[in-house]
Every structure is written in C-alpha cells, then in structure tokens.
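> predicted model follows, preceded by the sequence.
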Amino acid sequence: MLMRQSARARLLATTMILMPFVSTPAFAQDGTAEAPANPSEQGEQTIVVTGSRIARLELESASPVAVIGTVDLERDAASNIQDTLLEMPQIVAGLSRANSNFLTIGNGVATIDMRGLGPSRTLTLVNGRRFIGGTPGLPAVDINNIPTDFVQSVQIVTGGASAVYGSDAIAGVVNFVLKDRFEGIQVRGQTNITQKGDNPRYLVSVTAGTMFGADDRGSLMVNFTYDRDEGLLSRKRALSAEDCAGTVCGPASYSTFAPQGRFTFLDATGADGGGMFTFDRNNNVVQGFPIGFGYNRNAVRFISVPVERYLATAIGHFDLGSDAKLFAEVTYGKVKSNASLEAFALQNADVYDQSDANNLGIPITNPFIPASVAAIIAARNSDADATNDVAALSFRRRQNEVFDRSNRASRDTWRVATGVEGTFGDDYHYELSFVYGRMHDKTASQDVNIARYRNALDAIRLPDGTFACRSASARSEGCVPINIFGYNTASAAASAYVSNGADRTTDIVNEQQVATASISGKPFALTGAGDIGFALGAEHRREKSVADFDILTNTGQNSSNLTADLRGKFHVSEIFGELTIPLIADTAGFKYLGLVGAIRYSDYSTVGGVLSWNAGAEWEPFDDLRLRGLYAVANRAPNISELFSSPGETFAGVNDPCDGVTATSAQGGYGAACRAIPAIANAIAANGVFQYTLADQQGINGFVGGNPDLSEEKARTITLGAVYSPSWLRGFNATIDYYKIDIKDGIGTVGRDTSVEQCLLTGNAAFCDSVIRNANTGLVTTVNATAVNVAAQRTEGVDFSVRYGTPLGLFDDDKVDFSINYTYVVNALFQPDPSAPLEDFAGTVGFSKHRATARLGYSVDNFSMSWQTTYFSKARGLNDPPANVAALNFVKSRMYHDVQLRWDVGEQRRLGFYVGADNVFDRKPPYLPGTPFNTPPGTETAAGVYDPMGRRFYAGATVRF
C-alpha cells in the first residue's frame with residue numbers, strides 16, 4: 001500500500017493542468033535520418049496518430065494531438081524520458097524521483113498523469129500497444145523502462161480515448177513510438193551535476209542495428225542503456241535542511257520522537273502521572289523535553305531518491321513476402337532505488353496494550369532506568385500518596401541504532417510484443433499481435449518484532465548483577481535486554497534480537513496478456529468527398545497482480561499496520577470500430593467537411609458490459625483553416641488494487657453524533673435523525689439519554705481496502721478546436737483547443753466519521769452501506785472505508801500553441817525555429833464524496849491559471865543551439881490556509897530557463913558533442929512546508945511542480961560507427 005495522503009494531498013501531488021506542446025510529427029524511419037522539422041515537409045504521407053487506428057496526419061486529427069519528436073528529445077538531453085514529458089503541458093508527475101521517498105512500495109517509479117486526473121486515468125502505450133503496470137494492482141506504467149535513445153516520438157492525445165484503446169484512457173493516451181530501423185552502432189555518454197557539485201548522474205547508451213536476409217528482408221536493432229542518478233539529500237539545500245512547520249524551521253519544529261527518547265510517568269490507569277524526562281548528548285537525565293532536544297528528520301531524508309537503471313531493448317522485423325511482415329519487440333528493465341527515512345518513531349502504544357493494567361508500559365523494575373529516575377519513582381511510590389504513584393513508564397523513541405526502515409527496491413520488467421502485420425488489396429491493413437508483460441518488484445526494509453521488543457524491555461537484574469530478560473521462554477529463544485534510555489544505548493546484540501527475522505518485505509508480481517486483431521482501410525466513397533475510412537478489431541486482455549507481504553506484516557507483529565496480501569485478476573473481451581466519413585469537399589466554404597466516430601464494447605469479468613463511444617466532426621472552410629470537435633463517453637473499469645485489496649481491520653476512533661442525544665437535544669442538527677432510529681429511541685425512553693461507554697467507543701471496528709462490488713467510472717469529454725496552417729507562411733502552425741473532462745462515479749473512499757454523519761442526514765446508500773448499528777442497542781459497531789463510486793472531478797481549459805521554422809538567411813543553410821505554448825485553466829474541480837463541497841483548485845499550486853512554455857532554436861551547418869523558458873503564474877498554496885501561514889500562501893510567478901549548445905563533427909556527423917544548463921538563473925522554489933501544505937516530506941516545497949535542485953549542468957558526446 002502506498003503512503004496514505006489526504007484527498008487534497010493526493011490531488012495536488014498528481015495534478016497540474018498545462019498546455020499542449022506540438023512538435024515534430026512522428027515517422028517510422030531509419031534511426032540515422034532526421035524527422036522533418038515542420039508538417040509542411042511531410043508531403044502527403046499519412047501516419048497512424050494516437051487517438052485513432054485510421055492513418056492520417058497529426059494536424060488533421062479530430063482529437064488534439066501533441067507530438068514530441070527526435071529533435072526535441074535531443075534538445076532536452078534527458079537521461080530519463082519522464083524529465084522530457086514533464087515539460088509537456090498536459091503532463092504532470094504521477095510518481096517520480098522527487099515524491100516517492102516516503103512510499104512503502106514504488107520508490108523511484110516514474111508514471112504519467114495527464115491533466116492531473118491521476119496516473120490510473122492515463123493510458124500509456126508503446127507502439128500503440130499496452131505495457132505492463134509498474135506498481136501492484138495498478139495500470140500506471142513505470143516509464144523508467146523506456147530507453148530515451150530508442151524513442152522516435154511521443155504522441156499525446158487529450159480526452160476520453162476509451163472507445164479506441166479501452167479502459168484507463170479517460171484523461172487521454174500517451175504513446176511511445178519506437179524507432180523502426182537503425183544501421184550501424186551509436187554510443188552516447190552523458191554526465192550531469194548541479195552547481196553545488198551534488199546530484200551527479202551518469203548515462204551510457206549503446207544502439208546497434210543491421211539488416212539481414214535476402215534483399216535485406218530482415219532488420220534487427222538493439223539498445224542497452226545504463227543510467228545512474230545518485231539522488232539528493234534534503235540537507236543539501238538550505239530550504240529543506242531542517243524540519244519545518246508553518247513559518248518556523250529549526251529546533252522548534254524538530255520531532256519529539258528523539259533518538260535519546262522521551263519518557264513519561266504513568267499511573268495505574270495508564271494515564272499521564274506527571275513527570276517527563278529525556279537525555280542530553282552525554283546521556284545525563286534532563287527533566288522535561290526542552291526545545292533543541294528533538295530530532296531533525298530532514299537531515300536524513302531525500303529530496304530526490306537515487307535510481308539506477310539497466311535497460312535492454314530489441315526490435316526486429318522480417319518480410320514474409322505477399323505484403324506480410326513479422327515483428328517482435330523485447331524489453332527488459334532492471335530498476336533499483338532506495339529511500340532514506342529517519343529511523344522509526346516507536347512509541348508506547350506500539351508495544352503495550354494500555355487497557356491491560358499489567359501491560360501499561362516499561363516496567364518500573366527495568367534495571368536500565370537511570371538511578372536518579374528510579375529514586376524519584378521509589379520516593380513517589382512510598383510517600384503514602386496513591387495519587388502520585390508511578391506504575392510504568394511510557395516512551396517515544398526513534399530507533400536509530402536498532403533498525404533502518406528505509407526501503408531497498410529492485411524491479412525487473414519483461415515485455416514481449418510480437419505478431420504479423422500486412423496489407424492486402426490497395427487500401428487495407430491488418431495486424432495480429434500478442435503482448436506479454438511481467439513486472440517483479442522486491443522491496444525490503446528492516447523492522448522489529450514487537451513481541452520480542454516487549455520481551456527485551458521487560459528486563460531484570462540477576463543476582464550476579466547482570467541484566468536479563470524476565471521471561472524464561474524468551475531467554476531460551478535468545479532474548480537480549482534492550483536499553484533505550486539515552487543516545488546509542490541499545491547494544492548490537494539487543495538490536496539484532498528484536499530485529500532478527502523481522503525484515504519487512506513485499507514481493508510483487510504483475511502479469512499482463514493482450515491478444516489483438518484489427519483491420520483498417522478505405523473501402524469506398526460515400527460521396528465525391530473521398531473514401532470512407534474504417535477500423536474494426538477485437539481484443540482479449542488478462543491482468544493479474546499479487547503483492548505478498550512478510551508474515552509479521554500480515555499478522556501485525558511488526559511496527560507497521562496489519563496488512564493482508566493483495567491477490568487479484570480479471571479478464572476483458574472487447575470489440576471496437578471506427579469510421580471517418582467525408583461528406584463534402586472542394587466546394588465554396590467547404591474545402592472539407594467530414595464526420596468521425598468510434599465505439600467499443602467491453603465485457604469485463606468484474607463489472608460486466610461497458611460501452612464507450614465518441615463522435616465528432618471536422619470542417620475545413622478553406623485551405624488554411626481546419627475546425628474540429630469531438631464528444632466522447634469514456635469509461636474506466638476499477639483496477640485490481642481498487643477491487644481486490646484485502647480489507648484491513650482498524651479500530652481508529654469514530655464519533656457518532658447520536659452519542660448523548662436526549663428527547664429534546666439538537667445534537668448539532670442530528671437529533672431528529674438519531675431519535676428516528678428505533679433502538680436509540682428506546683434507549684432514550686428507558687434511560688433519558690442514548691450514550692456510549694468508553695468500551696463501546698473503543699470497540700467500533702471497520703475495514704479499509706478494496707471493494708469487489710465497484711462499478712466503472714464514467715466520463716464525458718468535449719474538445720473543440722481549430723488548426724491554422726497558412727499556405728502563405730510555410731512552416732507555421734497554430735492550434736487552439738478547448739477541453740472539458742467531467743468524471744462521475746469516481747472511485748474513492750469516504751471518511752468513517754463522514755459516513756456516520758451523512759447516513760443520518762441523507763440516508764444515502766453511498767454512506768449508509770458502510771455503517772452498521774446494533775439493531776438492539778443502536779450503537780455503531782462497524783464503520784467501513786472501502787473503495788466506493790462516490791467522487792466527482794472536472795477539469796476545463798484552453799490550450800493554445802504556435803510553432804514556426806524558417807531559414808534565417810544569415811548563412812546559406814541556417815534555420816531558426818520557435819514554439820510558444822500557453823494554457824488557461826478555467827477550473828479544476830474536485831468533490832471527494834456527495835456531502836463535500838465542490839472545491840476549485842484552479843489557481844492553486846499545481847493548477848496555475850496561466851502557464852507558458854517557449855523554445856527558440858537556431859542551427860547552421862553542424863552547430864545548433866536551443867533556449868527554453870517555462871512560466872508558472874502566481875498561485876495559492878491552499879484555498880483556505882490557516883491564519884499562521886497566510887503569508888506563505890501566496891506563491892509568486894516563476895520562470896525557468898534551459899539552454900543547450902550542440903556541435904557535430906564532419907560531414908558524416910559521426911562524432912557529436914553537446915553541453916547545456918537547466919534552470920540557468922538558479923530560480924529557487926517557494927517555501928511550502930509539509931505542514932500544512934501537504935508537500936512531499938523532506939522537500940519543504942511542491943517538488944513535483946517547482947525545481948528543488950537549482951542550476952544544473954550537463955555534457956555529452958555521441959559516436960556513430
């Protein structure tokens with residue numbers, strides 16, 4: 001299970017609405033050739049653009065499509081392709097190096113989140129086919145496994161594409177188009193470092209390809225990539241060097257879970273008996289817990305986790321003759337990462353059951369208790385005043401020398417896509433393909449066995465003066481008493497005993513199988529406007545996921561919550577079709593008018609039948625202007641995690657508004673609803689009041705987890721836009737698109753208190769189904785918080801982009817090109833459940849009302865340069881900030897500048913060099929502490945939005961043979 005966050009934190013961590021970045025069109029071509037810089041250079045060649053299975057030009061798509069080409073990838077010089085995608089206006093980081101340090105699973109994973117609607121609502125494809133998910137039970141792809149040097153282009157389509165590609169495409173589709181052919185050998189090396197000399201990064205990429213067989217009927221190309229990012233510790237930046245809360249950073253905000261411990265006297269009921277002590281650096285007893293004695297957690301946290309990648313990819317084709325071709329893609333990726341967290345903060349309640357008078361806390365007979373403290377306890381217990389007796393010691397202590405809870409993660413991903421494709425007749429194309437994917441993640445960290453820890457704290461002094469565990473059976477199992485009073489007091493032997501066999505491990509396996517058959521073509525003309533285009537197909541997909549936790553985690557015997565294994569699977573059979581219908585062409589006011597549509601029926605083993613469809617139109621009133629619009633009904637079936645995560649039991653406190661209700665009390669507006677429950681009315685009649693005892697309250701349980709009865713999410717998407725490509729200005733293109741994505745029946749959870757309250761007020765089954773009352777007593781006995789279809793989300797905005805490239809004329813073969821892109825976010829609405837207000841996050845951090853990206857490039861002969869600027873408008877940290885952080889809530893606008901210089905040697909360009917700098921002017925991120933802004937721990941800023949690293953330099957070289 002991933003780190004728990006509030007609904008707003010989850011939204012902000014994965015949400016940013018940006019603008020479209022349209023770049024080089026995608027072509028399947030030799031890796032040694034350059035893609036055309038402008039669409040005008042394409043001639044009439046058509047390509048299969050993401051968003052449709054019918055071949056057409058990028059700018060003629062009815063859906064807004066943005067494309068990153070080879071030149072863009074070179075200008076970014078990104079080792080990890082996620083870094084390039086985060087510059088795309090539609091994309092924000094789902095999981096990334098900068099926000100995964102605190103995850104219990106998925107450290108270093110890189111996922112894509114379109115429009116901030118969540119990674120599970122973005123479908124990621126490779127060459128138009130699905131890729132195995134990178135985290136347990138979720139479809140989001142870990143794009144760490146995609147080698148940048150093997151990518152020809154990245155195509156991004158906005159809006160509900162479920163009718164074309166199936167579930168998960170509510171926000172849109174990101175398709176990585178890999179290079180088709182390559183001859184020779186290319187080696188690229190690159191190194192990166194910040195101006196402070198930290199966060200080094202190293203990349204080596206080797207690509208080789210050849211043709212083989214008679215008439216070069218076969219082709220094979222392979223790539224091996226090694227990439228190591230060493231991460232960055234929080235203490236390496238002044239902004240995040242110390243713990244912060246609100247406007248205060250430093251010792252006053254340090255954690256009171258300190259490595260020397262904080263101890264409190266308990267009375268016979270387990271309540272605070274008065275008296276607290278800690279230790280100084282010399283392990284002298286200090287009364288109370290003064291400021292400055294806490295622990296600076298940011299001293300050991302990461303801003304960005306280290307990631308090491310080994311990637312091997314191969315693509316092969318073989319011409320069978322008769323216009324048929326075999327193809328195969330093989331991908332293997334090993335990704336290693338590790339977290340760096342402060343030592344675990346163990347406290348009394350983790351070890352002792354304080355409802356048991358014999359199990360309140362550390363026994364006062366513990367011989368490790370300092371003599372001065374033992375004397376105080378003895379005096380209080382012998383002064384004939386029972387009110388100040390000390391029965392036990394409560395503790396909270398960071399386990400620095402006992403165990404390290406930081407994760408170590410290793411993920412292996414295999415994928416094979418193979419099949420046959422070909423043409424027949426003059427206008428028909430077919431493809432039969434099969435995809436198999438498998439991801440195996442092993443994540444481990446140290447932990448303690450709570451039962452052993454309790455035995456080790458129950459120490460006694462033997463007659464010979466040595467210390468031992470009180471329990472004879474524990475001693476027979478090797479129990480070593482542990483001293484937690486002071487800095488570094490736990491012995492290696494005691495630490496080994498309490499942590500022996502207690503490593504927390506998670507063994508995850510995802511498997512995917514996809515069989516697809518499709519045919520497309522242009523069979524006939526309905527009118528004189530052109531041929532109808534169609535695509536028909538069928539697909540069968542199977543998904544399976546297992547997350548197997550260690551036995552202590554399964555049984556709740558270590559420091560984490562009891563967590564059951566995840567085991568789930570589903571299958572779906574689908575049929576789909578598309579049409580493009582030309583209606584009018586080459587008449588006054590109608591250079592072209594046509595209709596487009598797609599439909600897909602999916603039969604899930606989980607939710608049953610689901611229908612997705614879209615319909616739209618394209619109108620070209622004259623040569624240079626094309627108008628487009630599309631309405632889509634999209635669906636997302638619940639994933640394995642949402643369906644099959646085993647419910648975990650919780651006894652976290654729940655407040656029943658009916659507690660204390662009388663025959664006349666208002667109970668904050670709940671009184672009438674409470675008295676309408678027969679059992680409560682009976683209790684009031686008999687006792688004058690309906691009331692819980694402490695035992696009643698503590699006995700309310702509940703289950704948190706998946707829900708096999710979930711239904712699919714539903715979305716309505718509208719896109720309206722225009723493309724202007726003037727014939728009088730070759731190389732110029734401008735696009736403007738309005739988008740609106742409205743999601744209903746979103747999958748989420750409802751707070752347990754909210755369920756109880758709203759069930760009383762509304763009687764809505766979305767709340768009442770989670771609340772169980774005893775029919776005889778009226779007492780709430782169970783409140784569940786499993787996944788339900790209750791959330792709503794909407795995003796709306798306008799994307800505008802311009803690009804232009806032309807010879808400048810300063811030299812014979814020079815060229816200048818630029819792109820300017822802008823997005824205005826109209827709204828970004830979120831409602832976690834029907835009782836909550838619809839909150840608009842537009843204008844908050846991650847949802848800047850205005851954002852722009854501009855790139856200027858110039859090339860002459862073998863030299864080129866590029867300058868890119870990214871702009872974020874001012875933003876609010878929170879919609880309703882606490883008064884003490886009002887001054888921090890206003891975030892000024894920011895601009896980041898990146899530059900690159902590139903030089904290729906000789907006419908053949910077999911040797912090339914490049915250097916660059918990102919964040920040239922070292923723009924600092926805003927101070928947004930985790931409390932109360934819910935930013936990633938250890939960053940003290942919105943690291944997924946603003947740059948926390950500072951100015952960075954890189955240099956690289958490419959050699960071609």
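Looks like it came in fine.

> who touches residue 460 in this structure?
365, 367, 467-470 (CB atoms under 8 Å, 6 or more residues apart in numbering). C-beta coordinates here come from the backbone N, C-alpha and C atoms, glycine included.

> who's the residue nearest to residue 724 when sequence neighbours are not counted bridged to?
Using CB to CB, 6 or more residues apart in numbering and skipping the chain neighbours, the partner closest in space to residue 724 is residue 734 (4.5 Å). Applying DSSP bridges to residue 734 gives these bridge partners: residue 724, residue 802.

> list the buried residues of the helix or strand hosting residue 781.
In this assignment (DSSP states H and E), residue 781 forms part of strand 780-783. Within strand 780-783, the residues that count as buried by 16 or more other CB atoms under 10 Å are 780, 782-783.

> which one among the residues you listed gets closest to residue 813?
Of all these, residue 813 sits closest to residue 783, with 72.1 Å by CB to CB.

> against residue 697, how distant is the closest one?
Distance of residue 783 to residue 697, given as CB to CB, to the nearest Å: 12 Å.

> again with residue 262
Distance from residue 262 to residue 697, by CB to CB: 27 Å.

> from memory residue 844 sits against residue 881, does it?
No: assessed by CB atoms under 8 Å, residue 844 is found out of contact with residue 881, at 10.4 Å.

> show me the shaky parts of the stretch 451-600 of the chain.
Nowhere does the stretch 451-600 of the chain drop to pLDDT under 70.

> mind listing the helices for it?
Here the stretch 451-600 of the chain has its helices, by DSSP state H, counting those that start in this stretch, at 472-476, 492-499, 551-555.

> now do the stretch 251-400 of the chain
348-351, 371-380.

> what comes up buried for stretch 412-419?
Going by neighbour count (16+ other CB under 10 Å), the buried part of stretch 412-419 is 412-415, 417, 419.

> tell me which of those is nearest to residue 216?
residue 419 (21.1 Å).

> the closest one: which element?
strand 408-424.

> kindly report the same for residue 609.
According to DSSP H and E, residue 609 maps onto strand 608-622.

> give me the contacts around that strand.
60, 62-63, 160, 162-164, 166-167, 589-604, 626-635, 637, 712, 717.

> what pairs with it, and is each one parallel or antiparallel?
strand 590-604 (antiparallel), strand 625-636 (antiparallel).

> closest one to residue 111 among those?
Closest to residue 111 of the strands paired with strand 608-622, according to CB to CB: strand 625-636, at 15.5 Å.

> so after the closest one, what's the next helix or strand?
Scanning onward from strand 625-636 (DSSP H and E), the first element met is helix 640-644.

> rewinding a little: mind putting the buried residues of strand 780-783 into a markdown table with pLDDT and distance to residue 89?
Converted to a markdown table, the buried residues of strand 780-783 look like this (pLDDT from 0 to 100; distance: CB to CB, whole Å):
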| residue | pLDDT | distance to residue 89 |
| --- | --- | --- |
| 780 | 94 | 48 |
| 782 | 93 | 46 |
| 783 | 92 | 42 |
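
> pick out whichever of these sits closest to residue 279.
For the buried residues of strand 780-783, the nearest to residue 279 is residue 783 (41.6 Å; CB to CB).

> next, the contact list for the closest one, please.
By CB under 8 Å, 6+ apart, the residues touching residue 783 are 654, 700, 702, 752, 755-756, 770-772.

> same deal with residue 825?
17, 795-797, 842-843, 847-851.

> repeat that for residue 399.
Contacts of residue 399 by CB under 8 Å, 6+ apart are 343-346, 448, 490.

> can you pick the most crowded of the contacts of residue 825?
residue 17 (29 neighbours; other CB atoms under 10 Å).

> just for the stretch 1-150 of the chain, where's the confidence low?
Low-confidence segments of the stretch 1-150 of the chain, defined by pLDDT under 70: 1-51, 55-60.

> quick one, strands of it?
For the stretch 1-150 of the chain, the strands defined by DSSP state E, counting those that start in this stretch occupy 65-68, 91-93, 112-114, 122-126, 129-130.

> cool, the stretch 251-400 of the chain as well?
Assigned strands in the stretch 251-400 of the chain, in chain order: 262-266, 272-279, 285-287, 302-304, 307-321, 324-338, 345-347, 362-363, 392-398 (criterion: DSSP E, counting those that start in this stretch).

> just the buried ones among the contacts of strand 608-622, please.
Among the contacts of strand 608-622, those classed as buried by 16+ other CB under 10 Å are 60, 62-63, 160, 162-164, 166-167, 590-594, 596-600, 602, 604, 626, 628-635, 637, 712, 717.

> residue 165 contacts residue 125, correct?
Yes: the pair residue 165 / residue 125 is scored as a contact, 7.0 Å apart, by CB under 8 Å.

> tell me which of these two has more neighbours.
Neighbour tally, residue 165 and residue 125, criterion other CB under 10 Å: the higher count belongs to residue 165, 26 against 19.

> need the phi and psi values for that one.
Backbone torsions for residue 165, taken as degrees, to the nearest 10, come to phi -120, psi -10.

> any idea how far residue 158 is from it?
14 Å.

> packing partners for the longest strand along the chain?
Scanning the chain for the longest strand, with DSSP state E as the assignment, gives strand 566-587. Identification of packing neighbours for strand 566-587 by 3 or more CB pairs under 8 Å, 6 or more residues apart in numbering; DSSP states H and E yields helix 162-165, strand 525-527, strand 530-531, strand 533-549, strand 590-604, helix 640-644.

> which other residues reach the third one?
Just to be clear, that refers to strand 530-531. The contact list for strand 530-531, computed with CB under 8 Å, 6+ apart, reads 427, 522-525, 582, 585, 594.

> from these, pick the one nearest residue 171.
Distances from residue 171 to the contacts of strand 530-531, taken by CB to CB, are shortest for residue 594, at 26.1 Å.

> was I right about that closest one contacting residue 581?
Yes: the pair residue 594 / residue 581 is scored as a contact, 5.8 Å apart, by CB under 8 Å.

> pLDDT at the closest residue to residue 370 other than its chain neighbours, what is it?
Nearest non-adjacent residue to residue 370, counting by CB to CB, 6+ apart: residue 285, 5.2 Å away. As summarised for this prediction, residue 285 has a pLDDT of 97.
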